[in-house]
Every structure is written in structure tokens, then in C-alpha cells.
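**Student:** What follows is a predicted protein model with its sequence.
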Amino acid sequence: MPTSLILIFIFSIIGITDTLYLIYHKIKGTEVACIFFPPEWCRRVQQSKYSKTFGIPNSVAGLVMYLVIFVLAILYFYSITPFWWLEIPITIGFLFATYFTYIQAFVLRAFCTWCVLSAINFVVLMIASFIL
């Protein structure tokens, strides 16, 4: 198995875990741990109008995206689907992550640990998709 496909599997699982953590706290109504940043930053990001897209929490959309990437990676591994099918959700996720990172930096002026982790995930996924 190529190293880049292994990276896609690993980082999609990290993304699934990340988004499940955010969804759990959204459902429970509790605050997420804000590692590396002040807690009020995570709160500001989580409670902003940018935390939803078309009424869907970004964590839920992210979970769907990571699950699609994981499933398509499995299908590609077994030669069921072409690789470009996998590139589409990775590229879309990367573009959304870039946009939300911009929003955090220049609009909200606050960062959420878990959003930054997701953005890093999509950078790795994007690079891995280019080298496969």
C-alpha cells in the first residue's frame, strides 16, 4: 500500500475522531478543551455564526466529509473506484478548511484547537492526494 494512501487512511480517522469530539460537546452543551489557545477563543469560534453552513454544524459536515474520504479510500484500495473520486472530497474539504481558517484569523480573530487540527488534516490529505 502506498505511503500516501496510508496517510489518507490515518488522517481521515483523525478527522473522524476530531469531529465526533466536537459533535459530542455540541450535543451535551459542554465546552471543548481549548489546547494551545485561550478558552474564550474556542468559545467564540464554536458559538459564532460561522460555526454552521446552510444551518448544518460544521462538525457534522466535517464528519460526513471524513467518512466519505475514508470509504472512498477503501474503495480505491480495492480498485472499485478511480482515484479522482477520492480527490474531489479532499479538495472540497481543503477549500472549506482554508476558508474557515481565514475566518478564524481575520474575522473572529480567534482559533479553535479542533478546527486548526482539521485544517492541518486537510493539508496533509491534500498533499497525500497529490503524491499518490
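**Tutor:** On my side now, so go ahead. Predicted model only: the values in this text are computed from it and were never measured.
**Student:** Show the contacting residues for the spatially most central residue of the chain.
**Tutor:** Against the mean C-alpha coordinate of the chain, by Cα atoms, centre = their mean, the closest residue is Ser118 at 3.7 Å. By Cβ atoms under 8 Å, 6 or more residues apart in numbering, Ser118 lies in contact with 15, 18-19, 62, 97. C-beta: built from backbone N, CA, C; applies to glycine.
**Student:** between those residues, which is closest to Thr113?
**Tutor:** Asp18 (9.5 Å; Cβ to Cβ).
**Student:** so the closest one sits right up against Ala119, yeah?
**Tutor:** No - assessed by Cβ atoms under 8 Å, Asp18 is found out of contact with Ala119, at 10.5 Å.
**Student:** Phe94 should be in a helix, yeah?
**Tutor:** Yes - counting by DSSP: H, G, I helix; E, B strand; the rest coil, one finds Phe94 located in a helix.
**Student:** mind listing what it touches?
**Tutor:** 122-123, 125-126.
**Student:** Count the neighbours of Val123 for me.
**Tutor:** Using other Cβ atoms under 10 Å, Val123 is surrounded by 15 other residues.
**Student:** swap that for Leu75, sorry
**Tutor:** Leu75, neighbours per other Cβ under 10 Å, totals 14.
**Student:** swap in Ile27?
**Tutor:** Around Ile27 there are 9 residues (other Cβ under 10 Å).
**Student:** Helix, strand, or coil at the residue in the chain sticking out farthest from the centre?
**Tutor:** When distances to the mean C-alpha position of the chain are computed (Cα atoms, centre = their mean), the maximum falls on Ser79, with 25.2 Å. At Ser79 the chain is in coil, as set by three-state DSSP.
**Student:** And the lengthiest helix in the chain, what does it pack against?
**Tutor:** When the chain is parsed with DSSP state H, its longest helix is helix 3-28. Judged by 3 or more Cβ pairs under 8 Å, 6 or more residues apart in numbering; DSSP states H and E, helix 3-28 is in contact with strand 56-57, helix 58-77, helix 113-131.
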